[in-house]
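Chemist: For reference, the sequence and a predicted model appear below.
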Amino acid sequence: MLGVTVGAAADEFEVMQVPVKERGKRTDEYLEVMRRIFDEAPLTNVEGRTVTFSGGEFFPKPKHLPIWICGKGDAAMRRVAQYGHGFLPAGFTLDLYRERLQSLDAALAKANRAREDIICGLETFILIRSDPEQAVRDATSTMVYWYKDIEKGKACNLIGTPAMIIDRLRAYVDIGVRHFELKFIAKNLQDQLDMMRLIATAVVPAFT
């Protein structure tokens with residue numbers, strides 16, 4: 001699985017000596033080059049804005065390389081429709097995800113594709129505890145760092161008890177989300193292992 005996003009940190013582009021305002025066009029070009037060099041032709045010739053080569057080889061050819069597109073805007077929806085096998089946004093509230101699915105469906109229709117042609121996913125932080133107040137306390141520093149506000153962080157991530165996590169997951173599943181990338185907020189390795197076991201025993205059975 002290949003995850004693709006244009007990136008947002010301007011200083012990273014400065015280090016790479018890539019104009020930050022060109023990142024979208026470059027991403028589109030790179031995706032097109034990958035699609036061409038991964039096809040069945042033994043040699044590939046490319047003459048683009050930033051990528052040019054002749055007689056390019058790539059072996060072994062991938063029989064199927066799922067490309068997942070990350071992002072939030074209309075350009076990301078267009079890339080999903082044109083190149084993607086999956087859509088993987090981060091930090092989407094339920095309402096925002098539902099709203100953006102309308103844009104995604106419109107982009108897919110223009111590309112003669114449908115929602116059934118892709119998998120919708122969600123990148124989300126998770127912190128699971130038996131005590132909901134303890135879960136919020138343990139997640140606060142991370143949520144404030146990323147979202148500047150604990151309530152905003154809670155609204156678009158999985159923070160709480162197993163029952164609370166199940167309810168949130170079901171709400172996303174109901175609108176069509178089928179894949180969850182979980183980023184654990186853990187005190188240490190043992191804490192993460194304990195949460196993984198709790199998810200396996202108390203959350204996963206609700207969806208099997």
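Modeler: Right, received. Where do you want to start?
Chemist: switch to C-alpha atoms for all contacts and neighbour counts from now on
Modeler: Will do.
Chemist: residues in contact with residue 202?
Modeler: Listed by Cα atoms under 8 Å, 6 or more residues apart in numbering, the contact partners of residue 202 are residue 162.
Chemist: same thing with the one 4 residues further on?
Modeler: Under the criterion of Cα under 8 Å, 6+ apart, the neighbours of residue 206 are residue 166.
Chemist: One more: residue 5?
Modeler: The contact partners of residue 5, by Cα under 8 Å, 6+ apart, come to 27, 69, 70, 71.
Chemist: Okay, and which of the residues you listed map to helices?
Modeler: Counting by DSSP state H, the members of those that fall within helices are residue 27.
Chemist: with the contacts of residue 5 in mind, which one is nearest to residue 16?
Modeler: The nearest member of the contacts of residue 5 to residue 16, counting by Cα to Cα, is residue 27 at 14.4 Å.
Chemist: Give me the pLDDT value at the closest one.
Modeler: pLDDT, residue 27: 93.
Chemist: That one and residue 6 touch, don't they?
Modeler: Yes. Because the distance of 6.2 Å satisfies Cα atoms under 8 Å, residue 27 is recorded as touching residue 6.
Chemist: Name the residues contacting each of the two.
Modeler: Taking Cα under 8 Å, 6+ apart as the contact rule, residue 27 and residue 6 have no neighbour in common.
Chemist: dump the residue contacts of the spatially most central residue of the chain.
Modeler: Using Cα atoms, centre = their mean, the residue of the chain that lies closest to the mean C-alpha position is residue 88, 2.5 Å off. Residues in contact with residue 88 (Cα under 8 Å, 6+ apart) are 68, 69, 70, 71, 120, 121, 122, 123.
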